[in-house]
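> have a look; sequence and predicted model below, questions after that.
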Amino acid sequence: MDIKDIKELIHALDASGVQKFEMEEGNFKIKISKTAEAAPAVVYNAPEAPRAAAAAPVAVSPAPAAIVEAAPAEDLYIVKSPIVGTFYGSSSPGTPAFVKVGDKVAKGDTLCIIEAMKIMNEIESEEAGEIVEILVVNEDIVEYGQPLMKIRR
């Protein structure tokens, strides 16, 4: 199991309701926990693996407790990630972004793509307005409920 497989496993578990996961295969042992008492962590024990492969344990941060839906002073709508995955601002490398700051969007316009488990999920605007801020960078890993953009209504 390589680091990419471990990351996919973490994302799949984060999206599920599973609180603890353990797996052992030969010299490889992995434990993942996302409880409030203990800090979530992945332990990677492979005594026969090269040092570069066993560099540092990968930690999973807990999902944010609450995200403000709108800031009343400016009437902003916060676009939040509906899933855990990788954020893409355009349909492919080298093509223009779906939206940029200052763009006007209508309800149903595609704002970005979030890739999860090799499936490209188009995120559509639920509000019409103007993009005032994009809160993530292309190819960032995003969590469920993480703010992606702000739209002024």
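That came through fine. Numbering: from 1, shown residues only.

> burial check on Leu13, number of neighbours?
Neighbourhood size, Leu13 [other C-beta atoms under 10 Å]: 19. The C-beta positions use only the backbone N, C-alpha and C, and glycine is treated the same way.

> which outside residues touch stretch 138-145?
7, 11, 14-15, 61, 63-64, 67, 80-90, 97, 114, 136, 148 (C-beta atoms under 8 Å, 6 or more residues apart in numbering).

> show me which residues of that stretch are buried.
By 16 or more other C-beta atoms under 10 Å, the buried positions in stretch 138-145 come out as 142-143.

> going forward can the numbers begin at 58, since that is how I track them
OK, 58 is where the count begins now, so the last one is stretch 195-202.

> how long is it end to end?
Counting by C-alpha to C-alpha, to the nearest Å, you get 17 Å between the two ends of stretch 195-202.

> any idea how far it is from the middle of the chain?
3 Å (C-alpha atoms, centre = their mean, to the nearest Å).

> no more questions from me, cheers.
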